[in-house]
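Asks: Sequence and computational prediction follow.
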Amino acid sequence: MNGILDAGWRTFALLIVTTFFQGSSFAKALVPSAFAIGLLATPITVFYFSKLEIKTAKLSSGGYVVATICYIVASMGTDSLWLFLISGVIGASALSQQMPLLIHIYSTNYTTAQRGKKVAVGISLGVGLALPFGLLGGMMLERDITRFPILFQIMALACFLSAVVMWFMPSEKLEVSKGGNPLRHLSLVWKDKVFGCMLGMWMILGFGNLATMPLQIEYMTGEIYGIQASYTQVAIASIIIPSIARMLAGTVWGVAFDKYNYFLIRGGASAVVLVAMLVFFFSESMVGIYIGAAGYGVAMAGANVNWSLWVTKFAPIGQEANYMSIHSFMTGIRGLVAPFFGFYMITLISLRETIVFGAILVGLSIILLYPISQMTRR
């Protein structure tokens, strides 16, 4: 179900704000920032979730219920951009709270030897559901964009079904956080030097990627860029092709995560992101954009596995959720700032110059993996 939720918000919500509501740059940037807003709260929510002494699957189920309600409200916002945006942002933020909870569920249910493969298969199945949703959604908007509320009602249904499934998922309670400061685990950034350096690498990589990815729809639909893709073409490039590529590559990345050096796998995924970024935005036809979209899909398959599980390679046993909450928090910072930065930059310099800047950051993150890998051998 997560494939539907991710595609629905990141692509269709941004498309609706851009073309139906004719939203400002601020409104456009708020859509990809929604998940990040929720991630910023994860250290606090994990702290208080642990005090509740409720199993993580039950907590996760509650988050999906909140998102269900929010997406129903968003589907009612046909006459109000801000009703649509605010309710949708709250729903996406609620889904962001799943990240530390899921890493705890993965750690307690899967062994280290099978974790990457199992999670990759789950991600691929979720992405598979996004294929018909993306194709039919694009075709529906092509015929009548005012019917977009149906898409958000489907997303609400997906959230509700996810809540039911999560309720019955085997899980354990979070380890109770000591002390009264919900942000105390932020000290791990400087206490665990390798972890802190990895967070720095992720910050550079993520900023370069997150500042440019939301510009895909801007590039495909903006008259100034000459592509002027239809809604169906946007759905194909943003959902269908990347989803197929993620499904095909997901298990490969998962097995590689389990068997090979993490730094090598992370570097490989980042290199694919770099190539895909340049191909997508420097293509002047939909064929080139589709090729770049396929590259993004392959890269995102590896990125999803790496992002979801990398802390299990560094965190002490039992501390995975705490480490993940800090990783999520840092992701929230860049995820909140980067899209606004990207949309602001294209008002100062050209879109392609902005893409080159993002590509330089991704390249720098690859280079930084080597000295960090050497720190782990000391």
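Replies: It's in.

Asks: where in the stretch 1-150 of the chain is pLDDT low?
Replies: Residue ranges of the stretch 1-150 of the chain with pLDDT under 70: 1-3, 112-127.

Asks: So which residues of it form helices?
Replies: Taking DSSP state H, counting those that start in this stretch, the helices of the stretch 1-150 of the chain run over residues 2-7, 14-15, 25-40, 42-52, 56-74, 81-96, 98-109, 115-143, 149-167.

Asks: Of these, which is nearest residue 331?
Replies: Among those, helix 25-40 comes nearest to residue 331, with 5.0 Å by Cβ to Cβ. Bear in mind the C-beta positions are built from the backbone N, C-alpha and C, glycine included.

Asks: just to revisit the earlier point, any chance of the helices of the stretch 1-150 of the chain in JSON lines, plus distance to residue 335 and mean neighbour count?
Replies: Below are the helices of the stretch 1-150 of the chain laid out as JSON lines (distance: least, Cβ to Cβ, whole Å; neighbours: other Cβ atoms under 10 Å):
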{"stretch": "helix 2-7", "distance to residue 335": "13", "mean neighbour count": "24"}
{"stretch": "helix 14-15", "distance to residue 335": "14", "mean neighbour count": "24"}
{"stretch": "helix 25-40", "distance to residue 335": "3", "mean neighbour count": "22"}
{"stretch": "helix 42-52", "distance to residue 335": "12", "mean neighbour count": "19"}
{"stretch": "helix 56-74", "distance to residue 335": "17", "mean neighbour count": "22"}
{"stretch": "helix 81-96", "distance to residue 335": "9", "mean neighbour count": "22"}
{"stretch": "helix 98-109", "distance to residue 335": "12", "mean neighbour count": "23"}
{"stretch": "helix 115-143", "distance to residue 335": "19", "mean neighbour count": "20"}
{"stretch": "helix 149-167", "distance to residue 335": "20", "mean neighbour count": "20"}
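
Asks: nearest to residue 233, of these?
Replies: Among the helices of the stretch 1-150 of the chain, the nearest to residue 233 by Cβ to Cβ is helix 115-143 (7.7 Å).

Asks: okay, the helices of the stretch 1-150 of the chain in a markdown table with distance to residue 371 next?
Replies: A markdown table is the format used below for these (distance: least, Cβ to Cβ, whole Å):
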| stretch | distance to residue 371 |
| --- | --- |
| helix 2-7 | 33 |
| helix 14-15 | 36 |
| helix 25-40 | 27 |
| helix 42-52 | 27 |
| helix 56-74 | 35 |
| helix 81-96 | 31 |
| helix 98-109 | 26 |
| helix 115-143 | 25 |
| helix 149-167 | 40 |
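
Asks: Compare the ones you listed and give me the one nearest residue 190.
Replies: helix 42-52 (15.1 Å).

Asks: which residue sits closest to residue 276 in space, ignoring its chain neighbours?
Replies: With sequence-adjacent residues excluded and distances taken as Cβ to Cβ, 6 or more residues apart in numbering, residue 276 is closest to residue 295, at 3.0 Å.

Asks: pLDDT of the helix or strand containing the one you found, averaged?
Replies: Element membership for residue 295, per DSSP states H and E: helix 286-309. Helix 286-309 shows a mean pLDDT of 86.

Asks: circling back to that earlier point, could you report the separation of the residue nearest to residue 276 from residue 257?
Replies: Separation of residue 295 from residue 257 (Cβ to Cβ, to the nearest Å) stands at 19 Å.

Asks: neighbour count winner among the two?
Replies: Neighbour count, other Cβ atoms under 10 Å: between residue 295 and residue 257, residue 257 has more, with 25 against 22.

Asks: Remind me which helix or strand the more buried one belongs to.
Replies: Following DSSP H and E, one finds residue 257 within helix 241-259.

Asks: immediately after that helix, which helix or strand?
Replies: Using DSSP H and E, the helix or strand that follows helix 241-259 in sequence is helix 262-281.

Asks: For that following helix, buried residues please.
Replies: The neighbour-count check on helix 262-281 (16 or more other Cβ atoms under 10 Å) flags 262-263, 265-270, 272-281 as buried.

Asks: how about residue 289, what does it touch?
Replies: Counting by Cβ atoms under 8 Å, 6 or more residues apart in numbering, residue 289 touches 220, 227, 229, 237, 280, 283.

Asks: again, only using 10 Å
Replies: The contact partners of residue 289, by Cβ atoms under 10 Å, 6 or more residues apart in numbering, come to 216, 219-220, 227, 229, 233-234, 236-238, 241, 279-283.

Asks: Whichever of the residues you listed end up buried, select them in ChimeraX.
Replies: Applying 16+ other Cβ under 10 Å to the contacts of residue 289, the buried members can be selected in ChimeraX as follows:
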select :216,219,220,227,229,233,234,236,237,238,241,279,280,281,283
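
Asks: Now for the contacts of residue 289: which two are most distant?
Replies: Largest separation among the contacts of residue 289 by Cβ to Cβ: 236 and 282, giving 19.1 Å.

Asks: rewinding a little: quick one: the helix holding residue 295 to chain centroid distance?
Replies: For helix 286-309, the separation from the chain centroid amounts to 12 Å (computed by Cα atoms, centre = their mean, to the nearest Å).

Asks: buried residues in it?
Replies: Quick answer for helix 286-309 (16+ other Cβ under 10 Å): 286, 289-309.
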